[in-house]
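Provided below for reference: sequence and predicted model.
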Amino acid sequence: MMLYWMQQTGHRPIALMGGGTTRVGDPSGKDESRQLLTEAQIEKNLTGIRAIFSKFLKFGDGPGDAVMGNNADWLNTLNYIDFLRDVGRHFSINRMLSFDSVKMRLERSQELSFLEFNYMILQAYDFVELHKRHGCILQMGGSDQWGNIVNGIDLGRRMLGAQLFALTSPLITTASGAKMGKTAQGAVWLDSKMVSPYDYWQFWRNTEDGDVERFLKLFTILPLGEIARLAALKGAEINEAKKVLATEATALVHGRDEAERAAETARTTFEDDALSANLPTVEVARADLEKGIGVLTANVQAGFVSSTSEARRQIKGGGLKVNDVPVTDERQLLTTKDLTQEGVIKLSFGKKRHALLRPV
RNA sequence: GGAGGGGUGCCCGAGUGGUUAAAGGGGACGGACUGUAAAUCCGUUGGCUUAGCCUACGUUGGUUCGAAUCCAACCCCCUCCA
């Protein structure tokens, strides 16, 4: 999102992939040591992430076009001795020990491996490389990256005499304190194969009241005046603001058409209590439907529950519906008789999640 | 290398021979109430062809009618000493 604004205001954003640093791991991470990725996997991730970023950024060779970098390009070929001589001598252990990420680990006498300790050096070096290769002068990131970025600025000054800058943003949390999806997971979120535009819209629609204004500012490109007007809405009216938030945020990722369709789908489903043909759809073979499909299986296929056992439990708890009728018998079979006039079967999980079963 | 402590479900964490699929908490999901919100209350939280069966307390064996619990070996982690 920050990169988006920079490009809109005439800068050239660089998205940096941690192809080299994923092998090291940030000290702030937990004990789950990161898996080594093969070159092929990294390459695959790179194109995947690039696809996600292209929704926000324009890549290319033009002056304002974004570029994508992979720090494996320079990190993998590093020679240890040379690196120590050229880069390592600029780092003071005394100072590194004073950084929060390190200090916390030491104070809690948690193990901090040398490998992880080097992470900040590598990240600092990234900044220097980016400056050399692309003339990059500003590095942005979450506030948890502040220390790492500042190290990069420092290293830039010492090695190249360059003046570099940092811009960090607070990590985004909800009003109740939960963290918003972080990078890796966030990328999954933006992929329409993982989360449909409709579900994405729903995610924003269900924002807590206290977050609405902040999210409007952060995740939409609406003028501030408009946001102020929406934020002033009170009580039930704040739902209007949430709808705008959902539509605008979805439009940025999936395009205006998809966003409008998601909004319309939600309107017919929730406000008219009608059936919208645009709900996420699961296709089933007509022959299977004629034989009858168990409700349990159907809900697993719809992705509502991960196992038939869970489906059973949800039925006991009254959480599953077929064509808006709560399921009471877990042995119930869905057949062609259950098809609505529109020729589909509507499955619901909870009040908010719906899907259609469509015979093909 | 020496001495000690420990590995339990999504996470934290009880449990030291017998209704223990395993207390409690967190998180997550469902229900009620609402505004598709928050807070609150209730329920659920291993799998399956579910009145039953199967798999599970680091790994592999052993003792026992019966083990997460006892024994042995191994793997891993932590603390202190060198």
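Cool, the structure landed. What you see is a predicted model, and the numbers here were worked out from it, not measured in a lab.

Could you list the low-pLDDT ranges of the stretch 51-200 of chain A?
Applying pLDDT under 70 to the stretch 51-200 of chain A flags residues A:100-113, A:115-116, A:142-144, A:170-191, A:193-194.

Let's see that with 90 instead.
For the stretch 51-200 of chain A, the stretches with pLDDT under 90 are A:51-127, A:129-130, A:132-152, A:154, A:159-200.

quick one: the strands in it?
Using DSSP state E, counting those that start in this stretch, the strands of the stretch 51-200 of chain A run over A:67-70, A:138-142, A:165-169.

Near RNA strand B, which residues of chain A? Just list them.
Neighbours of RNA strand B within chain A, by C-beta under 7 Å from any atom of the strand: A:109, A:111, A:176, A:178, A:202, A:205-209, A:235-236, A:238-239, A:242, A:266-267, A:269-271, A:296, A:306-310, A:312-314, A:316-319, A:349-353. All C-beta atoms are positioned from the backbone trio N, CA, C, and that covers glycine.

quick one: which of the residues you listed sit in strands?
Among these, DSSP state E puts A:Phe349, A:Arg353 in strands.

Quick one: mark the members of the residues of chain A next to RNA strand B that sit in helices.
A:202, A:205, A:238-239, A:242, A:266, A:296, A:308-310, A:312-314, A:316 (DSSP state H).

Redo those as JSON lines? Include neighbour count.
Putting these into JSON lines (neighbours: other C-beta atoms under 10 Å) gives the following:
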{"residue": "A:Gln202", "neighbour count": "21"}
{"residue": "A:Arg205", "neighbour count": "20"}
{"residue": "A:Ile238", "neighbour count": "17"}
{"residue": "A:Asn239", "neighbour count": "13"}
{"residue": "A:Lys242", "neighbour count": "21"}
{"residue": "A:Ala266", "neighbour count": "22"}
{"residue": "A:Leu296", "neighbour count": "22"}
{"residue": "A:Thr308", "neighbour count": "15"}
{"residue": "A:Ser309", "neighbour count": "11"}
{"residue": "A:Glu310", "neighbour count": "15"}
{"residue": "A:Arg312", "neighbour count": "16"}
{"residue": "A:Arg313", "neighbour count": "14"}
{"residue": "A:Gln314", "neighbour count": "19"}
{"residue": "A:Lys316", "neighbour count": "11"}
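
List just the nearest of the residues you listed to A:Asn278.
For these, the closest approach to A:Asn278 (C-beta to C-beta) belongs to A:Ala266, at 9.4 Å.

Now do the contacts for that closest one.
Shown in contact with A:Ala266 (C-beta atoms under 8 Å, 6 or more residues apart in numbering): A:Tyr198, A:Trp201, A:Gln202, A:Arg205, A:Lys243, A:Ala246.

In those residues, find the pair that's most separated.
Longest distance between any two of the contacts of A:Ala266 is 13.6 Å, between A:Tyr198 and A:Lys243; criterion C-beta to C-beta.

Please state the backbone phi and psi of A:Thr340?
Main-chain dihedrals, A:Thr340, degrees, to the nearest 10: phi -80, psi 180.

Hmm, it is touching A:Ala277, no?
No - contact status for A:Thr340 versus A:Ala277: not in contact, 10.4 Å apart, counting by C-beta atoms under 8 Å.

Give the intersection of the neighbour lists for those two.
Common neighbours of A:Thr340 and A:Ala277, using C-beta under 8 Å, 6+ apart, do not exist here.

sorry, back to before: among the strands of the stretch 51-200 of chain A, which is nearest A:Val360?
Comparison of the strands of the stretch 51-200 of chain A against A:Val360 by C-beta to C-beta identifies strand A:67-70 as nearest, at 38.7 Å.

Run me through the strand neighbours of the closest one, direction for each.
The strands beside strand A:67-70 in its sheet (DSSP bridges) come out as strand A:14-17 (parallel).

So which bits of the strand it pairs with are buried?
A:Ile14, A:Ala15, A:Leu16, A:Met17 (16 or more other C-beta atoms under 10 Å).

next one: it to chain centre, how far?
Put simply, strand A:14-17 sits 16 Å off its chain's centre (C-alpha atoms, centre = their mean, to the nearest Å).

residues making contact with that strand?
By C-beta under 8 Å, 6+ apart, the list of residues contacting strand A:14-17 from outside reads A:3, A:42, A:45-46, A:49-50, A:53, A:57, A:66-72, A:126, A:130, A:134, A:136.

go on, stretch A:239-251?
Contacting residues not belonging to stretch A:239-251 are listed as A:197, A:200-207, A:212-213, A:215-216, A:219-222, A:230-231, A:233, A:258-260, A:262-263, A:266 [C-beta under 8 Å, 6+ apart].

any chance of the strands of the stretch 51-200 of chain A in JSON lines, with distance to A:Ala302 and mean neighbour count too?
Shown next, in JSON lines, are the strands of the stretch 51-200 of chain A (distance: least, C-beta to C-beta, whole Å; neighbours: other C-beta atoms under 10 Å):
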{"stretch": "strand A:67-70", "distance to A:Ala302": "36", "mean neighbour count": "18"}
{"stretch": "strand A:138-142", "distance to A:Ala302": "35", "mean neighbour count": "18"}
{"stretch": "strand A:165-169", "distance to A:Ala302": "37", "mean neighbour count": "14"}
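
Please dump these into TSV; it should also carry distance to A:Asn148 for every row.
Formatted as TSV, the strands of the stretch 51-200 of chain A follow (distance: least, C-beta to C-beta, whole Å):
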stretch	distance to A:Asn148
strand A:67-70	16
strand A:138-142	8
strand A:165-169	9
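
in the stretch 151-300 of chain A, which spans are helices?
A:183-190, A:197-205, A:212-219, A:224-231, A:238-254, A:256-266, A:286-291, A:295-301 (DSSP state H, counting those that start in this stretch).
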